[in-house]
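Colleague: coordinates only, sequence not included:
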């Protein structure tokens, strides 16, 4: 794949539809992510956030619509071209996704060895620098099973930035973290994005951290982009859906109950229809 200058919009999605069988997940997504920004994609569990990330990485194919990353239509690329594009993408998976049989050092070294032919001396120095950036240079010989949850996330972050990618994708990076570790990871994402001149996409349901971290918010709902805008404007929005979601209010457009027939019908309490009156 011939290198091209990075476009102003690093990710551009238009008319994206996707379904698992008859279950329609995405129903026409339009989304743009400018270069150099931290963008958060919010939504309730099951709203299609992680599916959207897999479509961006071409791990899944859409029913229709287009996904452009770094100026390339990812679903039009051949295997070799797609592999080259993925070198410009870093991914931090849910719960870290470390290789359990590889040490911390080898986990971070893996993408460098996979995508380059650099000598081992240089690989060593790169890995040590990435681990130092996340505060874990002293843990390089540990195995994943010896790490706490927060340490695993930080190793996963070091692996995601191992090749200084243009685009870094985070799938639920805050789930299950204690408050101190959550704050550390949140600050690392912002600091590393700005230091590397990268673009970050953070998929999460953690509204508080997304508002603190991101420059721009997208909210997924019912398979479409329900709302989007600069973070400060979204927080002050009086739109009922946006206000309910960002302020965690129980009452509003987001339904708590799954659609069902009247409760009395399920309890057998429905009143019988009145008998017809005699003429």
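Modeller: Good, I have the coordinates. All values reported here derive from a predicted model rather than from experimental measurement. Numbering: from 1, shown residues only.
Colleague: from the rest of the structure, what touches the helix or strand hosting residue 200?
Modeller: Assigned by DSSP states H and E, residue 200 falls within strand 199-204. The contact list for strand 199-204 (C-beta atoms under 8 Å, 6 or more residues apart in numbering) reads 10-11, 33-42, 49-50, 52-53, 56, 166-175, 189, 193, 210, 213-214. (C-beta placed from N, C-alpha, C; glycine too.)
Colleague: got it, and stretch 136-152?
Modeller: Under C-beta under 8 Å, 6+ apart, the answer for stretch 136-152 is 95-96, 98-100, 102-105, 107-108, 127-128, 131, 154-155, 158, 176-178, 180-181, 184-185.
Colleague: buried members of those residues into ChimeraX, please.
Modeller: Typed into ChimeraX, the line below selects the buried ones among the contacts of stretch 136-152, using 16 or more other C-beta atoms under 10 Å:
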select :96,98,103,104,105,107,108,127,131,154,155,158,177,181,184,185
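Colleague: so where's the stretch 101-250 of the chain shaky on pLDDT?
Modeller: 249-250 (pLDDT under 70).
Colleague: which stretches of it form strands?
Modeller: Taking DSSP state E, counting those that start in this stretch as the test, the strands found in the stretch 101-250 of the chain are 167-171, 199-204, 216-221, 224-230.
Colleague: now those in JSON lines, please, with extra columns for distance to residue 119 and mean neighbour count.
Modeller: Below are the strands of the stretch 101-250 of the chain laid out as JSON lines (distance: least, C-beta to C-beta, whole Å; neighbours: other C-beta atoms under 10 Å):
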{"stretch": "strand 167-171", "distance to residue 119": "26", "mean neighbour count": "23"}
{"stretch": "strand 199-204", "distance to residue 119": "30", "mean neighbour count": "25"}
{"stretch": "strand 216-221", "distance to residue 119": "40", "mean neighbour count": "22"}
{"stretch": "strand 224-230", "distance to residue 119": "45", "mean neighbour count": "17"}
